[in-house]
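Peer 1: what follows is a protein structure lacking sequence information:
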């Protein structure tokens, strides 16, 4: 049953379009355009943005300019929450040369995806992340953890919540400060969300430390988000224009679109600190400047001023 009184008064929208979104798009944007996008997102009021990834440039060409991009963004780093994905020690070494105050590490709940995406086992990848997390924390950086395949895996099928929490416990023991739970192929439904959060409760991990990261492959991202909000989650990942996708799921439609998320949150009276009109203007700018397809339903309704204005 929907209980509006159970909803949080404010939610942090964690924007992942500049990293998770762009790495899955066929168009490689110039560094200066990426920097413009991030500045526009900041100006719209988005308070948390994942901006880059320090992966090997030959593996993810779309994110090969991380060092140059962070130089462009240097004036913003002291006063804004920005992070970059760090896959290993070499990535951390690069990140530490920037003004970043937060990094992220990316783990898997399943062995199949760990092998396909990280070229390692779950245990092996966690062994790599442990020293990276410790060194980052010793340097006073916040560390965000991601766990992929939290609900379903294209090779292994439905994923047991206990497997997800096993990985989470190791990441928290190593020192992460926040954990994002990823529905990488977009198969979760609201009941799955409740079950996973209860599994965290059973291990004594506070929901205040958790974020959710939904893909909209099966059209469930917003309903899953609403469920998570009712369950006490207050940080939600999303991507401008719904950029991104999952290479392991046919017809994957990408991340939950930031515009759709903010439309829902504001409609529920939940504070985000985001200027929705500025956000829609950013969608229009992104489409017109880059040619990228905007998959947000709200943006497509409003970007050419054909839809209704946001209710104040």
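Peer 2: Great, that's in hand. On a predicted model such as this, the values are computed, not experimentally measured, just so you know.

Peer 1: going forward, measure contacts and count neighbours with C-alpha atoms only.
Peer 2: Noted.

Peer 1: for the closest residue to residue 78 other than its chain neighbours, give me its contacts.
Peer 2: Excluding its sequence neighbours, the residue lying closest to residue 78 (Cα to Cα, 6 or more residues apart in numbering) is residue 99, at 7.1 Å. By Cα atoms under 8 Å, 6 or more residues apart in numbering, the residues touching residue 99 are 70, 74, 77, 78.

Peer 1: make a markdown table out of the residues you listed and add pLDDT and distance to residue 20.
Peer 2: What follows is these, written out as a markdown table (pLDDT from 0 to 100; distance: Cα to Cα, whole Å):
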| residue | pLDDT | distance to residue 20 |
| --- | --- | --- |
| 70 | 98 | 16 |
| 74 | 97 | 21 |
| 77 | 97 | 19 |
| 78 | 95 | 23 |
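
Peer 1: neighbour-wise, which of these leads?
Peer 2: Neighbour counts for the contacts of residue 99, by other Cα atoms under 10 Å, peak at residue 70, which reaches 23 neighbours.

Peer 1: how close does that one get to residue 243?
Peer 2: According to Cα to Cα, to the nearest Å, residue 70 stands 21 Å off from residue 243.

Peer 1: in this structure, which spans are helices?
Peer 2: 31-43, 66-73, 89-96, 111-113, 122-138, 161-174, 190-202, 221-230, 258-267, 276-290, 297-302 (DSSP state H).

Peer 1: quick one: low-confidence parts of this structure?
Peer 2: Applying pLDDT under 70 to the chain flags residues 1, 246-253, 305-312.

Peer 1: what's the closest of the contacts of residue 99 to residue 259?
Peer 2: Nearest to residue 259, judged by Cα to Cα, of the contacts of residue 99 is residue 77 at 24.0 Å.

Peer 1: verify the contact between the closest one and residue 100 for me.
Peer 2: Yes - contact status for residue 77 versus residue 100: in contact at 6.1 Å, counting by Cα atoms under 8 Å.

Peer 1: for the nearest residue to residue 56 once chain neighbours are set aside, give its distance to residue 286.
Peer 2: Nearest residue to residue 56, sequence neighbours excluded (Cα to Cα, 6+ apart): residue 64, at 7.2 Å. Per Cα to Cα, residue 64 is found 20 Å from residue 286.

Peer 1: how about residue 136?
Peer 2: Counting by Cα to Cα, the gap from residue 136 to residue 286 is 33 Å.

Peer 1: try residue 55
Peer 2: Taking Cα to Cα, one finds residue 55 at 25 Å from residue 286.

Peer 1: cool, and residue 154?
Peer 2: 32 Å.

Peer 1: looking at these two, which is more packed in?
Peer 2: Neighbours per residue (other Cα under 10 Å) separate residue 154 from residue 286, with residue 286 holding more: 21 against 14.

Peer 1: next up, the contacts around residue 181.
Peer 2: Contacts of residue 181 by Cα under 8 Å, 6+ apart are 146, 147, 148, 150, 210, 211, 212, 213.
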